[in-house]
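1. Below are the sequence and a predicted model; questions follow.
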Amino acid sequence: MAADSPSSVRKVVVHLRATGDAPILKQAKFKIPGTDKFAKVIDFLCRQLHRETLFVYVNSAFSPNPDELVIDLYNNFGFDGKLVVNYACSMAWG
Amino acid sequence: MSAFPPWSWVPCPKQPWGASASHDVEGYLSLENIILSCYAQEEHDEISCPQKEETSCSEKEELIDIATLVQSNCSKVPYYDLHIIYSASYRVPVLFFRAYYSDGEPLGFNAIEKDLPAHSAKALLDSKWTFITQEEHPYLNRPWFKLHPCGTSEWMKLLFHVDVSVAKNGVTIELYLLSWLSVVGQVVGLRIPLEMLNQP
């Protein structure tokens, strides 16, 4: 067995969940380093869904600042070993 | 994390023609003279580095003029006044704000747009849920910028829709405002400490 990674490179399981009329991703579960910023999750979602902006939030009625670290979000809002991230289309003009 | 002072409540005399009951209080939440977090961090770095160099250079008879270093950056730093005002017509809180340099010169819309965190500036242009308009402040009778409230109730519904405890128990005004501010605050770079939302 490989040795455990040091906590500084611990990965967080992120589960992306479509809400409202947002399209559902084929692959919705990912692992991301805890030291990454939430902005990476947002950017990933935007690229996957080909959208400039999305409304992104976690289960406690909170929309995290993109500068927050994923590990901090997991520690505060994670449940059952994963961080659920909800997304909705923010309805661009037109 | 930048340490802002707490918001303060500014009561305002009710308009005499208002139909509200006599015990209603009108007013707004105010947070003034703040610097967006990106600037606050830069200033801190500027101040700490010269001090370090000064002690190590003291033998070399080199003087670093710290005052000049800080001042030349301070004059370009915009200050923000933020007010949260309830909109009776949209039935949601609305963020009013204005920005000005330390000499009092106000920032126009284009300057503010350049000053806002880059990701929010992009979102503002693209989204119909968050966009900035200019309008007369309801109590101060001067033009302020505001984040238009027309999309607020839609994204607030989404925010609370997934929170099971809210569906059961409803939500307090404090929690409502925290959730609301987590979205609206991103436009001006306000960060809510995560621990605040974990209170039962």
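-> Cool, got the structure.
2. which residues touch B:S153?
-> Residues near B:S153 by CB atoms under 8 Å, 6 or more residues apart in numbering or on different chains: B:90-92. C-beta coordinates here come from the backbone N, C-alpha and C atoms, glycine included.
3. Repeat that for B:E154.
-> B:W129.
4. So which bits of the helix or strand containing it are buried?
-> Assigned by DSSP states H and E, B:E154 belongs to helix B:152-161. Neighbour counts over helix B:152-161 (16 or more other CB atoms under 10 Å in any protein chain shown) mark B:152, B:154-156, B:158-161 as buried.
5. quick revisit: which member of the contacts of B:S153 is positioned nearest A:S60?
-> Taking CB to CB as the measure, A:S60 lies nearest B:V92 of those, at 19.7 Å.
6. Looking at strand pairing, list the partners for the closest one.
-> Beta-bridge pairing for B:V92 (DSSP bridges): B:S87.
7. Please tell me how far the closest residue to B:E136 other than its chain neighbours sits from chain A.
-> Nearest residue to B:E136 in three dimensions, chain neighbours excluded: B:P143, at 5.9 Å (CB to CB, 6 or more residues apart in numbering or on different chains). Per CB to the nearest CB, to the nearest Å, B:P143 is found 24 Å from chain A.
8. what number of residues lie near B:P143?
-> If you count neighbours by other CB atoms under 10 Å in any protein chain shown, B:P143 ends up with 12.
9. Can you pull the phi/psi pair for it?
-> B:P143 has phi and psi values of phi -70, psi 130 when expressed as degrees, to the nearest 10.
10. Please name the residues that touch it.
-> B:134-137.
11. repeat that with 7 Å
-> B:134-136 (CB atoms under 7 Å, 6 or more residues apart in numbering or on different chains).
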